[in-house]
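1. whatever this is, show me its structure:
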Amino acid sequence: MKLTRDNLGQLAEHIKRPQYAQSDISQGIVHIGVGGFHRAHQAFYTDALMNTGEGLDWAICGAGLRKDDEKMRDALAGQDSLYTLVELGDGSGHQVRVIAAISGMLLGEDNPQALIDKLAAPAIRIVSLTITEGGYCMDDSTGEFMADLPAIQHDLEHPTAPRTVFGFLCAALARRREAGIPAFTVMSCDNLPHNGAVARKALLAFARLRDTGLAEWIDQKVSFPNAMVDRITPMTSEAHKRHLLQQHGVEDAWPVVCEPFVQWVLEDRFNNGRPAWEKVGVQFTDDVTPYEDMKIKLLNGSHLALTYLGFLKGYRFVHETMNDPLFVRYIRAYMDRDVTPQLASVPGIDLEGYKDTLIERFSNQAIADQLERVCSDGSSKFPKFTIPTLNRLIEDGVPLDRAALVVAAWALYLKGVDENGTHYSIPDPRAEFCQALVADDVMLTQRLLGVEEIFGTRIPQSAAFVAAFENQLKHLRQLGVDKTLERLLSYEE
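-> Residues are numbered from 1 along each chain as shown. This next block holds a predicted model:
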């Protein structure tokens, strides 16, 4: 059964479907960067609220700024903007629902003016973002906005025909300012520390280059709430599509699959209204920092700790690594001994229970989360998910071998061949640069750890960390993953 509004009534009874009609909703949010995570997270929560009969004026207009976004636009357009969300539980079965919270999608490349018009419309009160860590154009080594990027320079020279998110946001906010329309809230849903503060810094930096008066207005009128977002959402595969069709009778051009677990902790700082997401499980707070630190250091940091080691071993799915007792012992030790002592208490969260849940989530075989997905963009992920932990360990003068192994595994992974001799590509926008760092073993440590935008300044200057890194790299080369883990864990015990 092709997924369309006309066919909703004919879907299998177990499939949950929208309890609201298209004619009942209106758009109040523009979301830039419609991918799997947005559809499994923010759109999921918005749909849940609409199903209660509330928030019907907060439907989402999707927006894409990349050529690749055409595929998502066309997939949604071909099925009345509907899509299927499949929650894959280990042992608890699959929950299938159709979501209708996204009610259209615009492409900036096709018609920049149409997207600016939408962003400037009074009904749009929130603009949300999932544009990846690199989409904010921030230099990790300096923390400053990279104004010299060609796309940024283009937008400064062509303000009415922008290409970047900051060009579009400023074009729309300038229009709203001139027309006396209240500003929208900019809400980052990207997985990076203090995402709202990063969005604010980047947008204000761009705006100052364009128009200082506009920058001052944005500074005063636009809110940028920080958020902690969490739901493991693997890439949709052809196998997922086949399973949906064969097991549930739904033909969907681009369904989204995810784990049952979902969490969103959001600072309640909105300058132009917001949906009552708290009624469907979103936790609002004055300060998201402790939740953010917990999630980024424990979940994302542990993901990196297992992913490169797992890939080197020859595994290709996260659950495969968690079927290996050595990996479970290592990851739990990393969580307990390296990360947990650095965390402040988190209101309403039992950290021991949270870590138990992470082990269960990583072990979910049904979700079949790809290690390649977790491995991707390591050069951007390390500074945010791992380096802060390493810096604190160095500062505290505690043993570094366990944490150094994370970096050593990445260095060997960048060679592009696992210990079974299987070659693979490196999914990172800076892959060529990163692989050049490890191409020659002579002076490898100095070249790799000396990249300030990835490792900062403290790590290469720490003799203890350098020694631990070289020791773990030597063990991986000479002993392989299993024996390196056995040696490390037996030494600790």
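2. against which helices or strands is whichever helix or strand residue 177 is part of packed?
-> Residue 177 belongs to helix 165-179 when elements are defined using DSSP states H and E. Where contact means 3 or more C-beta pairs under 8 Å, 6 or more residues apart in numbering; DSSP states H and E, helix 165-179 is packed against helix 112-120, strand 126-129, helix 150-157, helix 195-210, helix 212-221. For every residue, glycine as well, the C-beta is placed using N, CA and C.
3. tell me the buried residues in the last one?
-> Translated: helix 212-221. Buried residues in helix 212-221, counted by 16 or more other C-beta atoms under 10 Å: 214, 215, 217, 218, 221.
4. gap between the second one and residue 438?
-> Just to be clear, that refers to residue 215. Taking C-beta to C-beta, to the nearest Å as the measure, residue 215 falls 42 Å from residue 438.
5. likewise the last one?
-> Applying C-beta to C-beta, the value for residue 221 to residue 438 is 47 Å.
6. sorry, back to before: in TSV: the buried residues of helix 212-221, plus distance to residue 75 and pLDDT.
-> TSV is the format used below for those (distance: C-beta to C-beta, whole Å; pLDDT from 0 to 100):
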residue	distance to residue 75	pLDDT
214	36	98
215	37	98
217	37	98
218	34	98
221	36	98
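7. closest to residue 443 out of these?
-> Nearest to residue 443 among those is residue 215, at 44.1 Å by C-beta to C-beta.
8. please name the nearest non-neighbouring residue to that closest one.
-> residue 207 (3.8 Å; C-beta to C-beta, 6 or more residues apart in numbering).
9. from what I can see residue 414 touches residue 438, true?
-> Yes - between residue 414 and residue 438 there is a contact under C-beta atoms under 8 Å: 4.7 Å.
10. adding distance to residue 331, write the helices and strands packed on helix 165-179 out as a markdown table.
-> Below are the helices and strands packed on helix 165-179 laid out as a markdown table (distance: least, C-beta to C-beta, whole Å):
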| stretch | distance to residue 331 |
| --- | --- |
| helix 112-120 | 42 |
| strand 126-129 | 30 |
| helix 150-157 | 38 |
| helix 195-210 | 25 |
| helix 212-221 | 42 |
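11. can you list the weak-confidence ranges in this protein?
-> Applying pLDDT under 70 to the chain flags the ranges 91-93, 492-493.
12. tally of neighbours for residue 149?
-> 12 (other C-beta atoms under 10 Å).
13. need the contact list for it.
-> For residue 149, the contact set (C-beta atoms under 8 Å, 6 or more residues apart in numbering) comprises residue 137.
14. from residue 130, how far off is it?
-> If you go by C-beta to C-beta, the gap between residue 149 and residue 130 works out to 20 Å.
15. ok, what's across the strand from residue 86?
-> Counting by DSSP bridges, residue 86 forms beta bridges with residue 96, residue 257.
16. wait, isn't it in contact with residue 256?
-> Yes - shown here, residue 86 and residue 256 form a contact pair, counting by C-beta under 8 Å, at 7.3 Å.
17. doesn't residue 330 belong to a strand?
-> No - per DSSP: H, G, I helix; E, B strand; the rest coil, residue 330 lies outside any strand segment and is helix.
18. in what helix or strand does the residue nearest to it when sequence neighbours are not counted lie?
-> Distances taken as C-beta to C-beta, 6+ apart put residue 485 closest to residue 330, at 5.4 Å, once the chain neighbours are dropped. Using DSSP H and E, residue 485 sits in helix 463-492.
19. output the buried residues of helix 212-221 in CSV, with distance to residue 347 appended to each entry.
-> Below are those laid out as CSV (distance: C-beta to C-beta, whole Å):
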residue, distance to residue 347
214, 37
215, 35
217, 35
218, 31
221, 30
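20. just the closest of these to residue 17, please.
-> Nearest to residue 17, judged by C-beta to C-beta, of the buried residues of helix 212-221 is residue 221 at 39.0 Å.
21. residue 182 is in contact with the closest one, correct?
-> Yes - between residue 221 and residue 182 there is a contact at 7.4 Å, judged by C-beta under 8 Å.
22. shared neighbours, those two?
-> Residues touching both residue 221 and residue 182 (C-beta under 8 Å, 6+ apart): residue 271.
23. residue contacts, the residue nearest to residue 330?
-> 309, 326, 327, 329, 330.
24. check residue 251 too.
-> With contacts defined as C-beta under 8 Å, 6+ apart, residue 251 is in contact with 1, 2, 3, 244, 245.
25. repeat the analysis, applying 10 Å as the threshold.
-> 1, 2, 3, 4, 7, 79, 84, 241, 244, 245 (C-beta atoms under 10 Å, 6 or more residues apart in numbering).
26. so how far is residue 96 from it?
-> Residue 251 sits 13 Å away from residue 96, going by C-beta to C-beta.
27. any shared contact partners between these two?
-> 84, 244.
28. what touches both of residue 86 and residue 256?
-> The contact sets of residue 86 and residue 256 overlap at 40, 236, 240 (C-beta under 10 Å, 6+ apart).
29. from those, which is closest to residue 171?
-> Set against residue 171, the nearest of these by C-beta to C-beta is residue 40 (29.7 Å).
30. who are the contact partners of the closest one?
-> By C-beta under 10 Å, 6+ apart, residue 40 lies in contact with 85-87, 99, 231-234, 256-259, 262.
31. between the residues you listed, identify the one with the most neighbours.
-> The residue in those with the most neighbours, by other C-beta under 10 Å, is residue 257 (27 neighbours).
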